[in-house]
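Peer 1: Build me a model:
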Amino acid sequence: MKEYYWELILRDGTRLEIPPSGVDVVKRRMSAHDPINTKSQVIPYAQIEHFRITNKPYGQALLLDEVAQVFNEPQENDDGSIIYKWVTKQVTQDRWNKYYSHHGAYKRVGAEGSMMTVAFRQPVHLVDTNNTPYATDQEIAEINKKY
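Peer 2: Predicted coordinates:
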């Protein structure tokens, strides 16, 4: 099973990346309303806005994917077809209603406030993880269950 970084989002908009090994400690301290101690600062509980999982894989980077992206060379399956992976994108509810919901290639995998998380398949060599991170195993399972 893949592991992913988590992010601690503070009220001032600061985002801190938390490795999977630190998640239990952060959750435990948050449930007790204790401050979170990082290498560089102590964060009072009152400054925390959200703590959630990201789409950024932890550990060994997806080297083959990165090589394909750097050289813009498609990865191929044994049968010669191009390899695609699920990626996600944040869009507004309005944009989902007016555009994405009308195209079967886009799958809604989450919502938070007025923002929707949309998943779609993209050739590995065209993935820009800064704009369209890989979908998590949980998001992919939800897609497979719904569609």
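Peer 1: going forward, measure contacts between C-alpha atoms and count neighbours the same way
Peer 2: OK.
Peer 1: Tell me the residue in this structure that is farthest from the middle.
Peer 2: The centre of the chain is farthest from one residue, Asp79, which by CA atoms, centre = their mean lies 29.6 Å away.
Peer 1: Let me see the contact set for that residue.
Peer 2: By CA atoms under 8 Å, 6 or more residues apart in numbering, the contact set of Asp79 is empty.
Peer 1: you'd agree it is in a strand?
Peer 2: No. Counting by DSSP: H, G, I helix; E, B strand; the rest coil, Asp79 is located in no strand; its state is coil.
Peer 1: which residues touch the helix or strand of the chain with the lowest mean pLDDT?
Peer 2: Here the helix or strand of the chain ranked lowest by mean pLDDT, DSSP states H and E is helix 63-71, holding a mean of 72. Residues from elsewhere that reach helix 63-71, judged by CA under 8 Å, 6+ apart: Pro74, Gln75, Val124, His125, Leu126, Val127, Asp128.
Peer 1: Buried ones in that helix, by neighbour count?
Peer 2: Using 16 or more other CA atoms under 10 Å as the test for burial, helix 63-71 gives Asp65, Glu66, Ala68, Gln69.
Peer 1: any idea which of those residues is closest to Ala119?
Peer 2: Distance to Ala119, by CA to CA, is smallest for Asp65 among those, at 18.2 Å.
Peer 1: Next, work out how far apart that closest one and Asn55 are.
Peer 2: Distance of Asp65 to Asn55, given as CA to CA, to the nearest Å: 15 Å.
Peer 1: Break this protein down into its domains, please.
Peer 2: Listed by automatic domain parsing, the domain ranges of the chain are 4-57, 76-146.
Peer 1: give me the low-pLDDT residue ranges for this protein?
Peer 2: Scanning the chain for pLDDT under 70 picks out 1, 59-64, 147.
Peer 1: Understood, closing this out.
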